[in-house]
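Colleague: Let me see the structure of the following:
(one chain, ligands or ions: 1)
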Amino acid sequence: MKDAPAAGSVTITVDDRELQVPEGITVAAAVLGHAHAGRTYIHPVDNSPRAPYCLMGVCFECLMEINGEPDVQSCLISVEEGMIIKRQLQHEEVN
Ligand code: FES
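Modeller: Next comes the predicted model:
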């Protein structure tokens, strides 16, 4: 049986790993706060790893798949209980 989320937090899943994060933060902030997940996607042109940069919807370095929708600017979306998030690392081997 799973533990209930702590008060003031929600449980999200990032690449099949459950994380408890503070409610009200953005998906980008949640991902940056966990060492295993810092990168969000691999740039399709040069295969360079990318991570959230501006955190205000300008740079598009934070694209992630959120609840099945790809290429979402994760810095503009607040975490929600049960949210399924995938990093877009198709050009990189994930360990
Ligand atoms: S971090 Fe720049 S658009 Fe999201």
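Colleague: Near the ligand, which residues of the chain? Just list them.
Modeller: Residues of the chain found near the ligand (Cβ under 6 Å from any ligand atom) are 28, 52-55, 57-62, 73, 75. All C-beta atoms are positioned from the backbone trio N, CA, C, and that covers glycine.
Colleague: show me where the chain has strands.
Modeller: 9-14, 17-22, 41-42, 49-50, 63-66, 69-73, 84-86 (DSSP state E).
Colleague: The fourth one packs against which elements?
Modeller: Using 3 or more Cβ pairs under 8 Å, 6 or more residues apart in numbering; DSSP states H and E as the contact criterion, the secondary-structure elements in contact with strand 49-50 are strand 41-42.
Colleague: Which neighbouring elements make contact with the worst-scoring helix or strand of the chain on mean pLDDT?
Modeller: Here the helix or strand of the chain ranked lowest by mean pLDDT, DSSP states H and E is strand 41-42, holding a mean of 81. On a contact count with 3+ Cβ pairs under 8 Å, 6+ apart, strand 41-42 meets strand 49-50.
Colleague: Which neighbours in the sheet does the strand it packs on have, and how are they oriented?
Modeller: Sheet pairing of strand 49-50 (DSSP bridges) gives strand 41-42 (antiparallel).
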